[in-house]
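Q: using only what follows, build the 3D model:
(one chain, ligands or ions: 1)
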Amino acid sequence: MKAKAFKIADGVYWVGVIHWNSRTFHGYGIPGTTYNAYLVFGEEKNVLIDNVYRGLFDQFDARVKDAFEQEGKEFKIDVFVQNHSEMDHSTFLRDTIAKYNPDAEIYASQNCINFLEAQYHNFSDLELNAVNTGDELDIGGRTLKFISAPMLHWPDSMFTFLAEDGILFSNDAFGQHLCHSKRFDRDYPLEYVLGEAQKYYANLVTLGSPMFRMKLQELTDNGILDEIKMIAPCHGQIWTNPAPIVEKYSEWASGVCKDKITVIYDTMHHSTEKLAFQIAEGIMSEGVEVKMYFMQEDGPDDVITDILDSKAIAIGAPTMMNKPFPRIGNMMYWLDCVNFKGTGSEKNALIFSSKGWGGGAVDKLQKDLESAGFNVTDTMDILFVPDEDMLAEAFEKGAELARSIKE
Ligand code: FEO
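A: Next comes the predicted model:
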């Protein structure tokens, strides 16, 4: 097959693949994605940074070869750098080494080396060089600086900084699950790309927020942050203007939130729904933004994305068999996994429910929300269908929740 490499700087090419028809990843919906790999030409060594996912080798192979044609150089890869071992970036690494150059030098974190063997069981015959922050590789006129980045988003994650060009190959960090024909951030509206980066951060990186804050401080202290001119992640658009995404990551990792409340509900016979809508009216009456999610139709990934920069949530479920309606239970599982508390934000929560007789949803949600790091400030548990007084109470509870985040 034929596929063109895309030049991102002199002697630096994107040689990744476009997965046009991928619709889920890590359990959440995506509009396709890209697995970005990069080829760096040095005066002495040519370096392939990262690899791609199953089923897409021919596209990758064609692009790598095209980069050599564009550069007018004889095909020869001297160095493989693997920033992370997850399969979407490593599926063909072993085959690629065998095919391109079995004698190449290979660099990765020690965790990455361990994880590659545990996933593929065919790396033990190779000599892989473990690198850490402070290690460098001279490739002839160019220097690769390795930067450990554990939990951004796996323990093995690493950044590689091409010092002379100021390009940070950040692997998953700063990525977005986007699938477009053009490669740069500036090819699409900035708010759109940042919005997809928020979804990616919320669902995949939130847990590593404390590590990101430490990494940002380290990059600031050692002067690298000021030297970054481009961030080339392993998914989505390449940041030719790194400042907005670095600023956003800094905010998301530090619990900076908007005057915004995410309302999440499911309903059996529309009673909990009536409460949800009244609570939203109450929030809006205080001039606070509302995002509304109905879990029969909406995905937890979008809910997580909006909760990231919300100061509070209101979550409602009817009681069924003494517990919250199951789709809300699924939502709670996600909230517990993601752990927003690590960002440092203390999010208030209002719980609301309609029950037929004994109830149980509110108690279970309160326990689970507190365990997930939320500050439950109020609850509302009504019998069957809300009357006008109950609707007025729901309105007031929404307004009170809004006032609580403005204090
Ligand atoms: Fe895109 Fe952790 O893999």
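
Q: in this protein, what residue is nearest the ligand?
A: residue 86 (3.6 Å; Cβ to the nearest ligand atom). Bear in mind the C-beta positions are built from the backbone N, C-alpha and C, glycine included.

Q: quick check: phi and psi at that residue.
A: Main-chain torsions, residue 86, degrees, to the nearest 10: phi -60, psi 150.

Q: so how far is residue 255 from it?
A: For residue 86, the distance to residue 255 equals 27 Å [Cβ to Cβ, to the nearest Å].

Q: tell me which parts of this structure are close to the ligand?
A: Within the chain, the positions near the ligand by Cβ under 6 Å from any ligand atom are 84, 86, 88-89, 153-154, 172, 234-235.

Q: show me which of those residues is closest to residue 20.
A: Nearest to residue 20 out of these is residue 235 (Cβ to Cβ; 13.9 Å).

Q: follow-up on the earlier one: spit out the contact partners of the closest residue in space to the residue of the chain closest to the ligand that isn't next to it in sequence.
A: Leaving aside its sequence neighbours, residue 86 sits nearest to residue 154 (Cβ to Cβ, 6 or more residues apart in numbering; 6.3 Å). Contact partners of residue 154, counting by Cβ atoms under 8 Å, 6 or more residues apart in numbering, are 84-86, 111, 115, 172.

Q: report the secondary structure state of residue 154.
A: Local secondary structure at residue 154 is given as coil here, using DSSP: H, G, I helix; E, B strand; the rest coil.

Q: per-residue pLDDT of it, please?
A: pLDDT for residue 154: 95.

Q: and the helix or strand encompassing residue 113, what does it pack against?
A: Using DSSP states H and E, residue 113 sits in helix 110-120. Applying 3 or more Cβ pairs under 8 Å, 6 or more residues apart in numbering; DSSP states H and E, one finds that helix 110-120 contacts helix 93-100.

Q: tilt between the helix it packs on and helix 110-120?
A: 90 degrees (axes from the mean of the first three to the mean of the last three Cα atoms, to 10 degrees).

Q: helix 93-100 packs against which elements?
A: Using 3+ Cβ pairs under 8 Å, 6+ apart, helix 93-100 sits against strand 79-82, helix 110-120.

Q: please identify the deepest-packed of these.
A: By mean neighbour count, with neighbours taken as mean count of other Cβ atoms under 10 Å, strand 79-82 ranks first of the helices and strands packed on helix 93-100 at a mean of 23.

Q: and for that strand, what's in contact with it?
A: For strand 79-82, using Cβ under 8 Å, 6+ apart, the contacting residues are 45-51, 89-90, 93, 96-97, 104-108, 112, 116, 137, 139, 144, 160, 169.

Q: what about residue 73, how many residues nearby?
A: Close neighbours of residue 73, defined as other Cβ atoms under 10 Å, add up to 12.

Q: so where is the stretch 251-400 of the chain shaky, pLDDT-wise?
A: Applying pLDDT under 70 to the stretch 251-400 of the chain picks out no residues at all.

Q: so residue 44 touches residue 142, yeah?
A: No - judged on Cβ atoms under 8 Å, residue 44 makes no contact with residue 142 at a distance of 9.1 Å.

Q: quick one, which of the two is more surrounded?
A: More neighbours surround residue 142 than the other of residue 44 and residue 142, with 20 against 11 (other Cβ under 10 Å).

Q: other SSEs contacting the helix or strand encompassing residue 39?
A: According to DSSP H and E, residue 39 maps onto strand 38-41. Counting by 3+ Cβ pairs under 8 Å, 6+ apart, the packing neighbours recorded for strand 38-41 are strand 12-14, strand 46-49, helix 57-71.

Q: run a quick neighbour tally on the residue of the chain closest to the ligand.
A: By other Cβ under 10 Å, neighbour count at residue 86 equals 19.

Q: residue 274 contacts residue 391, doesn't it?
A: Yes - here residue 274 reaches residue 391: they are 6.5 Å apart, a contact under Cβ under 8 Å.

Q: higher neighbour count, the two?
A: The neighbour comparison of residue 274 against residue 391 (other Cβ under 10 Å) goes to residue 274, with 20 against 17.

Q: that one belongs to a strand?
A: No - counting by three-state DSSP, residue 274 falls outside a strand, being helix.

Q: any idea how far it is from residue 201?
A: For residue 274, the distance to residue 201 (Cβ to Cβ) stands at 34 Å.

Q: also residue 150?
A: With Cβ to Cβ as the criterion, residue 150 and residue 201 are 17 Å apart.

Q: need phi/psi at residue 210.
A: In this entry, residue 210 is assigned phi and psi values of phi -60, psi -40 (degrees, to the nearest 10).

Q: give the closest residue to it in space, chain neighbours not counted.
A: Nearest to residue 210 is residue 342, by Cβ to Cβ, 6+ apart, at 5.5 Å.

Q: can I see the domain layout of the protein?
A: Domain ranges of the chain: 6-253, 261-402, per automatic domain parsing.

Q: what about the shortest one, how long is it end to end?
A: I take that to be domain 261-402. End-to-end span of domain 261-402 (Cα to Cα, to the nearest Å): 8 Å.

Q: and for stretch 251-267?
A: With Cα to Cα, one end of stretch 251-267 sits 34 Å from the other.

Q: I figured residue 271 hits residue 384, correct?
A: Yes - here residue 271 reaches residue 384: they are 6.5 Å apart, a contact under Cβ under 8 Å.

Q: so for the two, which residue has more residues nearby?
A: Neighbours were counted for residue 271 and for residue 384 using other Cβ under 10 Å; residue 271 has more, 21 against 12.

Q: secondary structure element holding the closest residue to that one other than its chain neighbours?
A: Residue nearest to residue 271 in three dimensions, not counting chain neighbours: residue 354, with 3.7 Å by Cβ to Cβ, 6+ apart. Counting by DSSP H and E, the element that carries residue 354 is strand 348-355.
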